[in-house]
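Q: With the input below, show me the fold.
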Amino acid sequence: MSSSAFGAVVRFESASPIANPAAVVRKDRQGIARTPSEYELDHMRESRQSHASGPSTGVHMPITPVTPSELESLPGSPAGDGPIDAIDAIDPLPNPTSSATIRWRLLSACMMNVANGLNDSGPGALIPYIEKDYNIGYAVVSLIFVTNALGFILAAPVTQLFEAKLGRSKSYALSMSLLVAAYVIILFKPPFPAVVASFFLLGFGIALNLALNNVFCANLANSTTSLGALHGAYGIGGIMGPLIATAMVSDGVQWSFYYSVNLALAVFNLAFAMWTFRGYEKELPIQLLTALQQTASQQEDGHNVASKKQLLKQAVKNKTTLLGALFIFAYQGAEVSISGWVVSFLISYRKGDPSHVGYVSAGFWAGITLGRFVLSHPAHMAGEKLAVILLVVGSAAFQLMTWLIPNVIGDAVSVAIVGLLLGPVYPCATAVFSKLLPRNIQISSLSFISAMGSSGGAVAPFFTGLLAQSVGTYVLHPICIGLYGVMLVGWALMPKVSKRSE
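A: The predicted structure is shown next:
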């Protein structure tokens, strides 16, 4: 048969070259995976449906994007048609701007953190009165910080267990109940060992709600802004605490009555959190997708579901968890050291009036609060990874200025700017940690990171005080600058999200 006759029977068509598929996971400017948009989800759903309908016939029909209103007008899927594909379970991250429920929950989380700040900043103003009342010295009264940190540490391995067993609403109720019990004990001014034990309950209870609130805010749309609001609320409590405590004890009110304010807030937060977070587990599309993916993987590979103990081991061995713990340990060590010792430095080396320089600490907390509310969103827009580096370097520079400028006013301004720059570091770092951590170990990892941060807030001020007794309170500044260096090293070693091209 000639070639011309063969060509009359068979028609040859040139096929278009096969193009590389689009990246499965898209990244933002920091290399972090982002949630697909609604249009992308529609496109993905239609692609899956076209593949499931049968083999390709060679005829390609154009895909028309489906708007949300058109989707809502379509009839629901009949029951029993088969399992829902995991891709259909994906929803965008919850957005506080489009959901009243999410806004109430964010407000509840912020109110809990206001109470946490009020709790943590009050003892600094009350310690002289506690020492006088119980006739004890600094070494003994510092036990309240040790047991508080111990409560944070012991809460780290069990926070995820409580959340899994009780649910989010009841876990908050447990946290607030521990705080209520501790405040009631302190309010009646018991023997000092009972006060020390109460601070353990405070550390444990605060660690529970702090880890859960961090995870909640980190999984919202534009998480850096939400985390900035959460930790800015802590700063508001940090400003209020010394002012309320000083006003009360200056008027002759017994120091323990300060905790009546904390008790009232704890009772309010107990009821408010249980109301706002009721039914929380039924509204988690992202967690549903994760569960579907894990179940499918386990069925394919024949693996058993990881136990809580295994998840905790995974969390502690995770590189992000370890470096994040080091970073927050240094961060809170510097933060609490400045708050606790800068006034003593100004009195000793700048001859400041104690009745005036005491407000420098409040200025530091005001800077932290303002920074978290004002700078968190710009830091998110610029990129959290770069923003944290610039903020920490700037903090070190102004810390050095506080050390070298021989002027109370100049030092006070520098300390306030240090607070302003340090403010957004915590929410920015937490946002990055949450994006790098696998979702199934987020609560355990963030609890561990929070516990190490609390330890830094106890260890660094303690050693600052020990060195200050022998060489002077100026050691505050080299210690803080060294801690900033530790933060930069930990941040530089933080793993990057691996790029996928399939």
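
Q: Pick out the residue closest to the middle of this structure.
A: The residue lying closest to the centre of the chain (C-alpha atoms, centre = their mean) is Asn214, at 3.5 Å.

Q: Who are the packing partners of the helix or strand that contains it?
A: Using DSSP states H and E, Asn214 sits in helix 192-218. Here helix 192-218 touches helix 100-134, helix 143-155, helix 159-166, helix 168-187, helix 223-250, helix 425-436, helix 442-471, going by 3 or more C-beta pairs under 8 Å, 6 or more residues apart in numbering; DSSP states H and E. C-beta here means a position set from N, CA and C on the backbone, and glycine is covered the same way.

Q: which one of those has the lowest average pLDDT?
A: Lowest mean pLDDT within the helices and strands packed on helix 192-218: helix 442-471, at a mean of 80.

Q: List the buried residues of that helix.
A: Residues of helix 442-471 classed as buried by neighbour count (16 or more other C-beta atoms under 10 Å): 442-462, 464-465, 467-468.

Q: end-to-end on stretch 367-382?
A: Stretch 367-382 has an end-to-end distance of 21 Å (C-alpha to C-alpha, to the nearest Å).

Q: mind listing what's buried in that stretch?
A: 367-373, 375-376, 379-380.

Q: could you give the mean pLDDT of that stretch?
A: 86.

Q: residues in contact with that stretch?
A: 222, 224-225, 227-229, 231-232, 235-236, 238-239, 335, 387-388, 391, 415-424, 426-428, 431 (C-beta atoms under 8 Å, 6 or more residues apart in numbering).

Q: measure Ala271 to Ala211 for me?
A: 21 Å (C-beta to C-beta, to the nearest Å).

Q: Could you check which of those two is surrounded by more residues?
A: Neighbour tally, Ala271 and Ala211, criterion other C-beta atoms under 10 Å: the higher count belongs to Ala211, 29 against 12.

Q: Distance of that one relative to Ser395?
A: 25 Å.

Q: thinking again about what came up before, just the helices and strands packed on helix 192-218: most buried one?
A: helix 425-436 (a mean of 25; mean count of other C-beta atoms under 10 Å).

Q: then it to CSV, C-alphas only?
A: Output in CSV follows, covering the C-alpha atoms of helix 425-436 (Å, rounded to 0.1, in the frame of the first residue of the first chain):
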residue,chain,number,x,y,z
VAL,A,425,8.4,39.7,67.9
TYR,A,426,6.4,37.2,69.9
PRO,A,427,3.3,37.2,67.6
CYS,A,428,5.5,37.1,64.4
ALA,A,429,7.5,34.2,65.7
THR,A,430,4.5,32.3,66.8
ALA,A,431,2.9,32.7,63.4
VAL,A,432,6.0,31.3,61.7
PHE,A,433,6.2,28.4,64.2
SER,A,434,2.6,27.5,63.5
LYS,A,435,3.2,27.4,59.7
LEU,A,436,6.3,25.3,60.1
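
Q: just checking, what packs against it?
A: Looks like helix 425-436 contacts helix 192-218, helix 223-250, helix 319-349, helix 376-382, helix 384-404, helix 442-471 (3+ C-beta pairs under 8 Å, 6+ apart).

Q: Go through the ones you listed and name the closest to Leu178.
A: Of all these, helix 192-218 sits nearest to Leu178, with 3.5 Å by C-beta to C-beta.

Q: and that closest one, which residues are buried?
A: Neighbour-count burial for helix 192-218, with 16+ other C-beta under 10 Å as criterion, is recorded at 192, 195-218.

Q: still on that earlier bit, pipe the helices and strands packed on helix 425-436 into CSV and attach distance to Asn262 per row.
A: Formatted as CSV, these follow (distance: least, C-beta to C-beta, whole Å):
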stretch, distance to Asn262
helix 192-218, 9
helix 223-250, 9
helix 319-349, 18
helix 376-382, 26
helix 384-404, 30
helix 442-471, 17
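
Q: do you know which of those lies nearest Ile479?
A: Counting by C-beta to C-beta, Ile479 lies closest to helix 442-471 out of the helices and strands packed on helix 425-436; the figure is 5.5 Å.

Q: Mind giving me the packing neighbours of that closest one?
A: Looks like helix 442-471 contacts helix 143-155, helix 159-166, helix 192-218, helix 308-317, helix 319-349, helix 425-436, helix 476-492 (3+ C-beta pairs under 8 Å, 6+ apart).

Q: chain center to stretch 190-208, what's the gap?
A: From the chain centre to the centre of stretch 190-208 is a distance of 23 Å (C-alpha atoms, centre = their mean, to the nearest Å).

Q: Quick one: mean pLDDT for it?
A: Here the average pLDDT along stretch 190-208 is 93.

Q: got a list of contacts for it?
A: So stretch 190-208 is contacted by 116, 119-120, 130, 134, 136, 140, 143-145, 147-152, 154-156, 159, 162, 171-172, 174-179, 181-183, 185-186, 447, 450-451, 454 (C-beta under 8 Å, 6+ apart).

Q: Same question for stretch 405-425.
A: 228, 231-232, 235, 331, 334-335, 338, 342, 346, 350, 352, 357, 360, 363-372, 375-376, 379, 387-388, 391-392, 394-395, 398-399, 401-402, 487.

Q: now do stretch 103-111
A: Residues from elsewhere that reach stretch 103-111, judged by C-beta under 8 Å, 6+ apart: 96, 213, 216-217, 220, 226, 229-230, 232-233, 265, 268-269, 272-273, 276-277, 280.

Q: what do you get if the cut-off is 6 Å, keeping everything else the same?
A: Defining contact as C-beta atoms under 6 Å, 6 or more residues apart in numbering, one finds that stretch 103-111 is touched by 96, 213, 216, 229-230, 233, 269, 272-273, 276.

Q: Farthest pair within these?
A: Pro96 and Asn269 (18.7 Å).

Q: if you count what's nearby, which of those two comes out ahead?
A: Neighbour count, other C-beta under 10 Å: between Pro96 and Asn269, Asn269 has more, with 25 against 20.

Q: Checking that one next. Helix, strand or coil?
A: For Asn269, the secondary-structure state derived from DSSP: H, G, I helix; E, B strand; the rest coil is helix.

Q: ok, it - contacts?
A: Contacts of Asn269 (C-beta under 6 Å, 6+ apart): 111-112, 115, 176.

Q: Many thanks, have a good one.
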